[in-house]
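A.B. asks: Return atomic coordinates for the entry below.
(chains A and B)
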Number of protein chains: 2
Amino acid sequence: MHTVGRSWLLLTGFVLFYVIYLLVGALVFSSVERPVEEQLREEVEVLKQEFLNHSCVNAASLDSFLLKVLKANKYGVSVLRNSSVASNWDLASSMFFANTLVTTVGYGHTTPLSDNGKAFSILYALIGVPFTMLVLTACVQRIMHPLVLAPVGLLQRCGMQPRPATVVHFVLLLVLVVLCFFVAPAAVFSALEPAWSFLDGIYFCFISLCTIGLGDFVPATQPGQKYRALYQVSVMVYLFVGLMMMFLLLRTIHKMADLHGWTTFLQLPRCEESDMDEDREPIVEDGHEAQTPPFLTEKESSKPLEPGSQPSYNTINTG
Amino acid sequence: MHTVGRSWLLLTGFVLFYVIYLLVGALVFSSVERPVEEQLREEVEVLKQEFLNHSCVNAASLDSFLLKVLKANKYGVSVLRNSSVASNWDLASSMFFANTLVTTVGYGHTTPLSDNGKAFSILYALIGVPFTMLVLTACVQRIMHPLVLAPVGLLQRCGMQPRPATVVHFVLLLVLVVLCFFVAPAAVFSALEPAWSFLDGIYFCFISLCTIGLGDFVPATQPGQKYRALYQVSVMVYLFVGLMMMFLLLRTIHKMADLHGWTTFLQLPRCEESDMDEDREPIVEDGHEAQTPPFLTEKESSKPLEPGSQPSYNTINTG
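C.D. replies: As a prediction, this is how the structure comes out:
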């Protein structure tokens, strides 16, 4: 009962802190963004008044016109001439859209207009999202050895203890990922996209690789960009490899936290004690007994929680 | 060597199939959406011509005006009078935005305009995303017993075998989730949002609970909606509970697949055999020995891959 009580207390604390975190975030966003928004709002109002003063258009007909223009714009159709050349649904753009669906990034710069398109999006993501996660996990499984196990082993052979070795390795890996998947792409994007600053590039990389995908910055959407299809395919490859590295970082963090015993701080004890003794049946029909020591069962509930990590960890070389 | 070869072959097959899947998706989206887009494009062009014919505005000044209008619109500032009443950054809207950031849904209907806002978004998500996943996982751990373990146990006490019991339970749970988190909310949204059809509602629920968050349909963004703040908070609660149910479904699928041995079909054998004997060290400094049978170690690499599932499974009652 004591453990169950502590467990619920911890959860309540978490949920309370979550609500407070959202409130604090809301206050900061509100105070930072509202003045900028109001300024833009005033500018647009002035712009509209000026436009009306210098023309013979009346306000009602302009509003009716703008209503339709903005609606079309929402679906990626711009009223401006120069941007109406490239389609949002050519093959490369469609593939880019499909990619943002299955990786759950979902920028939303292009969205299906038709009911058929919406229905297909649902079906497509229903199969595509789990499949993409599977492919990403399988790829991470492959790069785990050269990028995590081997370097940690090397550090240990150089005389480091297992724990410091994992920390040093993690810091190096983090620096490598930040440089190769945030700083370098941000520099490339800010060079290729005329309107993007370096911060915009970093912001795009972060928002994309966290799969938030706000869509306020999407590469290869400006009219008249050269080699647009190639550019879009490159961004897709960047997104895939970048997500793979995010998964790798998460697995490395989880592994390191386990080794250092940090995860016990976050561990939420089980509240289903009654099932304890019924859980020990090994996986039925496991085709890989040769690789699986017989005492390893499915029971995992004693493991600490680690957000976003994948279930198939390879352990860091602790020899 | 044979296992390693098979493992790489499987991965190559996966990646190839992934590329094909993206191509097929691209072709379907392109063929479905392009005609609709072209029609809309023509309509906008006709609209613009009509507007120009019936007024004394010249094309160049209209284009320059529209360019600014569309840019402001991208940042959530509409030129239309009726919609300029409510701010995108009032407290409820900011909290809604913060919520879409930390859950990685990221509709992008509102986005930070200022550099400070962008930098804060990065920092906020960096802490918020893992924390949200932690809270979600902790909550799922709590509802696992009443919604999964207890019903499966009940079915077994009614005389069902463990495997059919898990299948029957999963189908019932799936129907319940689809009804309560897709069909019912879709009906509510299509009633509350004037422009939404029922399919739009389903589409919104699906795109949101998969954390894709395209943002073409976002509730509580129409001007003049009553109790807007309350509505936004309700959508936030819906998103949180809905994501919790998605996590629960994934865990139940993983558990069921393990029990039925289905996951062995997808299992990618390890390619780091050399580390096999070095992996068996138990978690150091584990503060929960009382709940952890001593033979349960950290070794997990023999487990099959399951996309998106969480590492802290509670086993289905197989007694």
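
A.B. asks: can you pull out the helices in the stretch 101-250 of chain A?
C.D. replies: Ranges of helices in the stretch 101-250 of chain A, per DSSP state H, counting those that start in this stretch, are A:115-144, A:150-157, A:162-178, A:184-192, A:198-209, A:228-260.

A.B. asks: Columns mean pLDDT and mean neighbour count on top of the ones you listed, output as a markdown table?
C.D. replies: The way it works is simple: take the backbone N, C-alpha and C, and place the C-beta from them, glycine included. Shown next, in a markdown table, are the helices of the stretch 101-250 of chain A (pLDDT from 0 to 100; neighbours: other C-beta atoms under 10 Å in any protein chain shown):
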| stretch | mean pLDDT | mean neighbour count |
| --- | --- | --- |
| helix A:115-144 | 89 | 19 |
| helix A:150-157 | 93 | 18 |
| helix A:162-178 | 94 | 16 |
| helix A:184-192 | 96 | 17 |
| helix A:198-209 | 96 | 22 |
| helix A:228-260 | 92 | 19 |
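
A.B. asks: Out of these, which is closest to B:Leu259?
C.D. replies: In terms of C-beta to C-beta, the element of the helices of the stretch 101-250 of chain A nearest to B:Leu259 is helix A:115-144, at 18.5 Å.

A.B. asks: my guess is A:Lys48 contacts B:Val79, does it?
C.D. replies: Yes: between A:Lys48 and B:Val79 there is a contact under C-beta atoms under 8 Å: 5.7 Å.

A.B. asks: overlap in contacts of the two?
C.D. replies: Residues touching both A:Lys48 and B:Val79 by C-beta atoms under 8 Å, 6 or more residues apart in numbering or on different chains: B:Val69.

A.B. asks: Check the offset of the longest helix anywhere in chain A from the chain's centre.
C.D. replies: For chain A, the helix with the greatest residue count under DSSP state H is helix A:2-53. Computed by C-alpha atoms, centre = their mean, to the nearest Å, the separation of helix A:2-53 from the middle of its chain amounts to 20 Å.

A.B. asks: quick one: the residue of chain A most remote from its centre from chain B, how far?
C.D. replies: Most distant from the centre of chain A: A:Cys56, at 48.9 Å, with distances by C-alpha atoms, centre = their mean. Distance, A:Cys56 to chain B, by C-beta to the nearest C-beta, to the nearest Å: 4 Å.

A.B. asks: give the contact list for the nearest residue to A:Lys118 once chain neighbours are set aside.
C.D. replies: Distances taken as C-beta to C-beta, 6 or more residues apart in numbering or on different chains put B:Tyr203 closest to A:Lys118, at 4.5 Å, once the chain neighbours are dropped. By C-beta under 8 Å, 6+ apart, the contact list for B:Tyr203 reads A:Lys118, A:Ala119, A:Ser121, A:Ile122, B:Phe217.

A.B. asks: which one among the residues you listed gets closest to A:Lys68?
C.D. replies: Nearest to A:Lys68, judged by C-beta to C-beta, of the contacts of B:Tyr203 is B:Phe217 at 18.8 Å.

A.B. asks: my guess is that closest one contacts B:Leu199, does it?
C.D. replies: No: using C-beta under 8 Å, B:Phe217 makes no contact with B:Leu199, being 10.4 Å away.

A.B. asks: between A:Lys48 and B:Val79, who's got more neighbours?
C.D. replies: Neighbours per residue, other C-beta atoms under 10 Å in any protein chain shown: of A:Lys48 and B:Val79, the larger number sits with B:Val79, 25 against 20.

A.B. asks: separation between that one and A:Phe65?
C.D. replies: To A:Phe65, B:Val79 is 10 Å away according to C-beta to C-beta, to the nearest Å.

A.B. asks: go on, A:Leu154?
C.D. replies: Remark: distance between A:Leu154 and A:Phe65 (C-beta to C-beta) = 67 Å.

A.B. asks: With A:Thr104 instead?
C.D. replies: Counting by C-beta to C-beta - A:Thr104 and A:Phe65 are separated by 37 Å.

A.B. asks: between these two, who's got more neighbours?
C.D. replies: A:Thr104 (24 against 20).

A.B. asks: quick one, what contacts the more buried one?
C.D. replies: Applying C-beta under 8 Å, 6+ apart, we find A:Thr104 in contact with A:Ala125, A:Val129, A:Thr211, A:Gly213, B:Thr104, B:Cys210, B:Thr211, B:Ile212.

A.B. asks: Look up phi and psi at it.
C.D. replies: When quoted as degrees, to the nearest 10, the phi and psi of A:Thr104 stand at phi 60, psi 20.

A.B. asks: Ok, A:Asp216 next?
C.D. replies: Dihedral angles for A:Asp216 - degrees, to the nearest 10 - are phi -70, psi -30.

A.B. asks: With the one 10 residues further on instead?
C.D. replies: Reported as degrees, to the nearest 10, the phi and psi values for A:Lys226 are phi -80, psi 150.

A.B. asks: where's it relative to A:Leu192, distance?
C.D. replies: From A:Lys226 to A:Leu192 the distance is 10 Å (C-beta to C-beta).

A.B. asks: Pull up the overlap in contacts between these two.
C.D. replies: Counting by C-beta under 8 Å, 6+ apart, nothing touches both A:Lys226 and A:Leu192.

A.B. asks: mind checking how far A:Leu16 is from A:Phe198?
C.D. replies: Counting by C-beta to C-beta, the separation of A:Leu16 from A:Phe198 is 38 Å.

A.B. asks: ditto for A:Gln225
C.D. replies: Distance of A:Gln225 to A:Phe198, given as C-beta to C-beta: 19 Å.

A.B. asks: and what of A:Thr100?
C.D. replies: Remark: distance between A:Thr100 and A:Phe198 (C-beta to C-beta) = 23 Å.

A.B. asks: Tell me the one of the contacts of B:Tyr203 nearest B:Met244?
C.D. replies: A:Ile122 (20.5 Å).

A.B. asks: how much space between the residue lying closest to that closest one once chain neighbours are set aside and A:Ser114?
C.D. replies: Of all residues not flanking A:Ile122 in the chain, B:Phe206 sits nearest, at 4.9 Å (C-beta to C-beta, 6+ apart). Look at B:Phe206 and A:Ser114: by C-beta to C-beta, they are 16 Å apart.

A.B. asks: what do you get for A:Thr103?
C.D. replies: For A:Thr103, the distance to A:Ser114 equals 23 Å [C-beta to C-beta].

A.B. asks: cool, and A:Leu22?
C.D. replies: Noted for A:Leu22: a distance of 35 Å to A:Ser114, by C-beta to C-beta.

A.B. asks: Which one of the two is surrounded by more residues?
C.D. replies: Taking other C-beta under 10 Å, A:Leu22 and A:Ser114 do not tie; A:Leu22 has more neighbours (23 against 14).

A.B. asks: Identify the residues contacting the more buried one.
C.D. replies: A:Leu22 touches B:Met95, B:Ala98, B:Asn99, B:Val102, B:Met236, counting by C-beta under 8 Å, 6+ apart.

A.B. asks: from those, which has minimum pLDDT?
C.D. replies: Among these, B:Met95 carries the weakest pLDDT, at 88.

A.B. asks: neighbours of the closest residue to it other than its chain neighbours, just the number please.
C.D. replies: Distance criterion C-beta to C-beta, 6+ apart; nearest residue to B:Met95, sequence neighbours excluded, is A:Ala26 at 3.6 Å. Using other C-beta under 10 Å, A:Ala26 has 21 other residues around it.

A.B. asks: cool, A:Trp89 as well?
C.D. replies: By other C-beta under 10 Å, the residues close to A:Trp89 number 24.

A.B. asks: ok, and the closest non-adjacent residue to A:Leu70?
C.D. replies: A:Leu70 sits nearest to B:Asn73 (C-beta to C-beta, 6+ apart), 5.6 Å away.

A.B. asks: List the buried residues in the host helix or strand of that neighbour.
C.D. replies: B:Asn73 belongs to helix B:59-74 when assigned by DSSP states H and E. Of all the residues in helix B:59-74, those buried under the rule 16 or more other C-beta atoms under 10 Å in any protein chain shown are B:Leu62, B:Phe65, B:Leu66, B:Lys68, B:Val69, B:Leu70, B:Ala72, B:Asn73.

A.B. asks: May I see those residues organised as TSV, with distance to A:Trp8 and pLDDT added?
C.D. replies: As requested, the buried residues of helix B:59-74 are arranged in TSV below (distance: C-beta to C-beta, whole Å; pLDDT from 0 to 100):
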residue	distance to A:Trp8	pLDDT
B:Leu62	62	79
B:Phe65	59	80
B:Leu66	57	82
B:Lys68	54	80
B:Val69	53	81
B:Leu70	51	82
B:Ala72	48	78
B:Asn73	47	78
